[in-house]
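K.L.:
Provided below for reference: sequence and predicted model.
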Amino acid sequence: QVQLVESGGGLVQPGGSLRLSCAASGFTITSYAMNWFRQAPGKEREFVAGITSAGGRITNADSVKGRFTISRDNAKNTVSLQMNSLKPEDTAVYFCNARRSSVNYYWGQGTQVTVSS
């Protein structure tokens, strides 16, 4: 059974940090680009960060550049998102995505991140 399971979300104060993890099972992420998306209430899901299968290219949304860092560990079949200097506008459900093509991709169930004092 193919699964992506996110963890590490929670409540944090503005300026704080969180580290999200995504564990894949039922397939190996080696040949997949791995991405993080987020969806805030009343808004569309948006791209946050992505990393190619070999880890050679990383892309970040302008809104998180300099604050968020995506990384992957193919040996552990995991991808992580280190989030620093969090802002209230970062509040959203964060989703892990594995993509190999337009018809070959998987989504996790999401983890809630709330930035509030």
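P.N.:
In hand now; what should we look at? Here the structure is a predicted model, which means the values were calculated and not measured.

K.L.:
which strands and helices sit next to the helix or strand of the chain with the lowest mean pLDDT?
P.N.:
Every helix and strand in the chain was compared by mean pLDDT, DSSP states H and E; the lowest is strand 58-60, with a mean of 86. Applying 3 or more Cβ pairs under 8 Å, 6 or more residues apart in numbering; DSSP states H and E, one finds that strand 58-60 makes contact with strand 46-51, strand 68-73. C-beta coordinates here come from the backbone N, C-alpha and C atoms, glycine included.

K.L.:
same thing but at 6 Å, please
P.N.:
strand 46-51 (3 or more Cβ pairs under 6 Å, 6 or more residues apart in numbering; DSSP states H and E).

K.L.:
Give the buried residues for the strand it packs on.
P.N.:
Val48, Ala49, Gly50, Ile51 (16 or more other Cβ atoms under 10 Å).

K.L.:
Which one of those is nearest to Leu86?
P.N.:
Nearest to Leu86 out of the buried residues of strand 46-51 is Val48 (Cβ to Cβ; 12.5 Å).

K.L.:
So that closest one versus Ala75, what's the distance?
P.N.:
According to Cβ to Cβ, to the nearest Å, Val48 and Ala75 sit 24 Å apart.

K.L.:
Next: Ala49.
P.N.:
From Ala49 to Ala75 the distance is 21 Å (Cβ to Cβ).

K.L.:
Equivalent analysis for Gln1, please.
P.N.:
Distance from Gln1 to Ala75, by Cβ to Cβ: 21 Å.

K.L.:
if you count what's nearby, which of the two comes out ahead?
P.N.:
Ala75 (8 against 5; other Cβ atoms under 10 Å).

K.L.:
give me every residue that touches that one.
P.N.:
With contact set as Cβ atoms under 6 Å, 6 or more residues apart in numbering, Ala75 has no partners.
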